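**Q** quick one: sequence and predicted model below, then my questions.
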Amino acid sequence: MSLLLDKYGEILNVASLIQKNGWAEKNAGNFSIKLDFEDDRVSDVSIPLSTSFPMLSNSVFLVTGRGKRMRDIAKNPIENTLLIRISSKGDSYSIITDGDVVPTSELPTHLAIHNMIAERGSDERAVVHSHVTELIALTHIKEYCNQKKLNNLLLQMHPETIMFIPKGVGFVPFMMPGSTEIANATIETLKNHQIALWEKHGVFSIADNINNCYDLIDIIAKSAKIYFLCASAGTLPQGLSEKQLQELGEIEF
Ligand SMILES: [Zn+2]
């Protein structure tokens, strides 16, 4: 139970930060964490999935509840999240925590991302989705609904971006949230990036834990904010030069 309490502590911390940043209107945003330890609880009620995720067979996930507010998750992560176990075939799940909380409507996208991660065998276990105001605003500018132009801008605005997110972000054109279509597009994007930016909606990030997911989002949010601060002061930012970016990219940690 102490390992699970650690996860609730991480959720509380990140939900609180997201709330303070104003990225969580009403019940916006959701998380999922693939547990790396056993949980013995079971349920005989099986809920079918519209897509099978065979690589997630018997995996247990801590996910945010549908309709739950980030500000409530930040106060009481246990009552506003739930644990689900994927069936052995990967085609259904059961809720193994008590209560009437059901998973976020973005569960198909979260599971599709975890399935892709399991297929490639990398060590990300957490997925965070958030409505980051500055990043959504960028995708309302037609010029930046272009992955190359979007990344050129984000990388030029702040040294941390190229240092910690050298591949930049992947851009996903507008599609209906919760659909298989957007789940598939997001997976393709996250095969090559740690962050997927959904046009006019928000952002997904993947990392080994949700604190690191938050850091990735925070870094590119700052880049976007710097751009808008300069623009609102009546001048377009100069941006880091190619030489400066190259030198920053060569820093070893
Ligand atoms: Zn959303």
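**A** Thanks, I have it.
**Q** buried set for stretch 95-106?
**A** By 16 or more other C-beta atoms under 10 Å, the buried positions in stretch 95-106 come out as Ile95, Ile96, Thr97, Val101, Val102, Pro103, Thr104, Glu106. From N, CA and C alone the C-beta is placed, and that goes for glycine too.
**Q** put the alpha carbons of the lengthiest helix in the chain into CSV.
**A** Longest helix in the chain by number of residues (criterion: DSSP state H): helix 210-232. What follows is helix 210-232, C-alpha atoms only, in CSV (Å, rounded to 0.1, in the frame of the first residue of the first chain):
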residue,chain,number,x,y,z
ILE,A,210,3.9,12.0,-13.8
ASN,A,211,6.3,14.6,-12.2
ASN,A,212,8.5,14.2,-15.3
CYS,A,213,5.4,14.4,-17.6
TYR,A,214,4.6,17.7,-15.9
ASP,A,215,8.1,19.0,-16.4
LEU,A,216,8.0,18.4,-20.1
ILE,A,217,4.7,20.3,-20.4
ASP,A,218,6.0,23.1,-18.2
ILE,A,219,9.1,23.7,-20.3
ILE,A,220,7.2,24.1,-23.6
ALA,A,221,4.5,26.1,-21.9
LYS,A,222,7.1,28.5,-20.8
SER,A,223,8.5,28.8,-24.4
ALA,A,224,5.0,29.6,-25.7
LYS,A,225,4.5,32.1,-22.9
ILE,A,226,7.7,33.9,-23.7
TYR,A,227,6.5,34.2,-27.3
PHE,A,228,3.2,35.7,-26.3
LEU,A,229,4.7,38.1,-23.8
CYS,A,230,7.0,39.6,-26.4
ALA,A,231,4.1,39.7,-29.0
SER,A,232,1.8,41.4,-26.5
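**Q** helices or strands next to it in the packing?
**A** Helix 210-232 makes packing contacts with helix 2-20, strand 30-34, strand 126-130, helix 133-138, helix 147-157, helix 159-164, strand 195-198, strand 202-207 when contacts are defined by 3 or more C-beta pairs under 8 Å, 6 or more residues apart in numbering; DSSP states H and E.
**Q** tell me what angle that helix forms with strand 202-207.
**A** Here the directions of helix 210-232 and strand 202-207 differ by 140 degrees (axes from the mean of the first three to the mean of the last three C-alpha atoms, to 10 degrees).
**Q** which residues are in contact with Thr186?
**A** For Thr186, the set of contacting residues under the criterion of C-beta atoms under 8 Å, 6 or more residues apart in numbering consists of Thr109, Ala112, Ile113, Val172, Ala196, Trp198, Phe204.
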